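[1] need a structure here:
(chains A, B, C and D)
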Protein chains: 2
Amino acid sequence: MQEKKRIFRDCLSERGLKWTSQREVILDAFLRCDSHPSTEDLYLKLRKKHPNIGYATVYRTLKLFSECGIAASRDFGDGQTRYESTSEAEHHDHLICKDCGAIVEFEDPRIEALQEEIARQHGYVLLTHRHEIFGRCPACQKKLG
Amino acid sequence: MQEKKRIFRDCLSERGLKWTSQREVILDAFLRCDSHPSTEDLYLKLRKKHPNIGYATVYRTLKLFSECGIAASRDFGDGQTRYESTSEAEHHDHLICKDCGAIVEFEDPRIEALQEEIARQHGYVLLTHRHEIFGRCPACQKKLG
DNA sequence: TTGTAAATTGAAATCCAATTTCAATAAGAG
DNA sequence: CTCTTATTGAAATTGGATTTCAATTTACAA
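    Numbers count the residues shown, from 1 in each chain, chains lettered A, B, ... in the order given. Purely as a prediction, here's the structure:
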């Protein structure tokens, strides 16, 4: 937690940017956040305790996190950009419940290797990828029969 | 070509919808299209010969193709919905050049199997997935050194 | 501390693709 | 041919992303 904060502050000062109370509040809320919040998710969550923090500030701050490498933006095709902390695993993909939106992170070196192989077969240099599996989670299977 | 047109006409009449000259023109252009056009791509292409066909009509018609199963919509994260004909291969994913946007379709049963395995491991029932590999194509590698 | 230049903030405006509205027009069943 | 219903195109609307701008705050220097 504090480590992340230190990294962010360092990144800011390196770039001549400033450490503000809003940025601290947003960072704390983001790190405390379990899931993969969108700008709006985080904005609404902050609203309660910090009604003075505007949407634009949340938006800009999340983008800044991503530029500083402490968060990564994701597009799961639901029309909103989501962010996740980059702390834990280096790389992973997502298994998403189509009903409730629950997200499980997974990592499979065999799939990574196959992607590399496919790119090579076509003469491409692999840069990045995006891989989402959509399904129904155990809870929703029970709920929906 | 004509086969697709027949399927589309059948689908329309089953739903009480009408076969119009605009729909024919758009279908022809779509099938003649090589790549994965967005609504705008197709609209601009048609503009030349058919300046009377509006954007909204292209938009609605592509959506209709997708509902009738003769096209599928794709989101490659470039901010535009793209469509591809569903004729050829049943399922495939995409290898996309980050520089020029060139798209290669690929299919790998080993990856499909691994996805199934991952979903099962987490108790999910697999429904669909989205898998894009982004890289640099041979031509752009040469061009960019 | 205090002054000041530069960054930040929040509200509102703007952007852009997607989507809808609506009055005029066209399809097609009877 | 007629009449009902779907379609069309232009324009308006929606919704998230992004920018603008005047007021405010930070960081650093004196």
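[2] ok, A:Ser73 touching A:Gln80?
    No - with contact defined as CB atoms under 8 Å, A:Ser73 and A:Gln80 do not form a contacting pair (10.5 Å). For glycine as for every other residue, the C-beta is placed from the backbone atoms N, C-alpha and C.
[3] mutual contacts of these two, please.
    Contact criterion CB atoms under 8 Å, 6 or more residues apart in numbering or on different chains; no residue bridges A:Ser73 and A:Gln80 by contacting each.
[4] which strand runs longest in chain A?
    strand A:125-136 (DSSP state E).
[5] elements contacting that strand?
    Counting contacts by 3 or more CB pairs under 8 Å, 6 or more residues apart in numbering or on different chains; DSSP states H and E, strand A:125-136 packs against strand A:93-97, helix A:109-121, helix B:109-121, strand B:125-136.
[6] chain center to the third one, what's the gap?
    Distance of helix B:109-121 from the chain centroid (CA atoms, centre = their mean, to the nearest Å) equals 24 Å.
[7] any part of it near chain A?
    Yes - using CB under 8 Å from any CB of the partner chain, we find that helix B:109-121 touches chain A at B:Arg110, B:Ile111, B:Leu114, B:Gln115, B:Ile118, B:Ala119.
[8] from those, list the buried ones, please.
    B:Ile111, B:Leu114, B:Gln115, B:Ile118, B:Ala119 (16 or more other CB atoms under 10 Å in any protein chain shown).
[9] which one is the last one nearest to, not counting chain neighbours?
    Which is B:Ala119. In space, and not counting its chain neighbours, B:Ala119 is closest to B:Leu126: 4.0 Å by CB to CB, 6 or more residues apart in numbering or on different chains.
[10] which residues of chain A lie near chain B?
    A:75, A:77, A:95, A:97-98, A:104, A:106, A:108, A:110-111, A:114-115, A:118-119, A:122-138, A:141.
[11] please repeat the previous calculation with a cut-off of 6 Å.
    Residues of chain A found near chain B (CB under 6 Å from any CB of the partner chain) are A:75, A:77, A:95, A:98, A:104, A:106, A:108, A:110-111, A:114-115, A:118-119, A:122-138.
[12] return only those of the residues you listed found close to DNA strand D.
    Among the residues of chain A next to chain B, proximity to DNA strand D is found for none (CB under 7 Å from any atom of the strand).
[13] just the buried ones from these?
    If you count burial by 16+ other CB under 10 Å, the buried members of the residues of chain A next to chain B come out as A:95, A:104, A:106, A:108, A:111, A:114-115, A:118-119, A:124, A:126, A:129-137.
[14] tell me the one of the residues of helix B:109-121 next to chain A nearest A:Asp28?
    B:Ile118 (32.8 Å; CB to CB).
[15] tell me the contacts of the closest one?
    By CB atoms under 6 Å, 6 or more residues apart in numbering or on different chains, B:Ile118 lies in contact with A:Phe106.
[16] list the contacts of A:Leu127.
    B:Lys98, B:Phe134, B:Gly135.
[17] what's around A:Cys68, how many residues?
    19 (other CB atoms under 10 Å in any protein chain shown).
[18] per-residue confidence at the residue nearest to B:Ala119?
    Listed pLDDT for B:Leu126 reads 96.
[19] and B:Ser13, which of the helices and strands packed on strand A:125-136 is closest to it?
    Closest of the helices and strands packed on strand A:125-136 to B:Ser13 is strand B:125-136, at 29.1 Å (criterion: CB to CB).
[20] and that closest one, which strands flank it?
    Here strand B:125-136 has these sheet partners by DSSP bridges: strand A:125-136 (antiparallel), strand B:93-97 (parallel).
[21] chain center to that strand: distance?
    Using CA atoms, centre = their mean, the offset of strand B:125-136 from its chain centre is 15 Å.
[22] would the helix or strand following that strand count as contacting chain A?
    Moving toward the C-terminus from strand B:125-136, the next helix or strand (DSSP states H and E) is helix B:138-144. Yes - shown here: helix B:138-144 in contact with chain A (CB under 6 Å from any CB) through B:Pro138.
[23] helix B:138-144: how far from the chain's middle?
    Offset of helix B:138-144 from its chain centre (CA atoms, centre = their mean): 26 Å.
[24] contacts for that helix?
    Contacts of helix B:138-144 (CB under 6 Å, 6+ apart): A:Gly123, B:Cys97, B:Asp99, B:Cys100.
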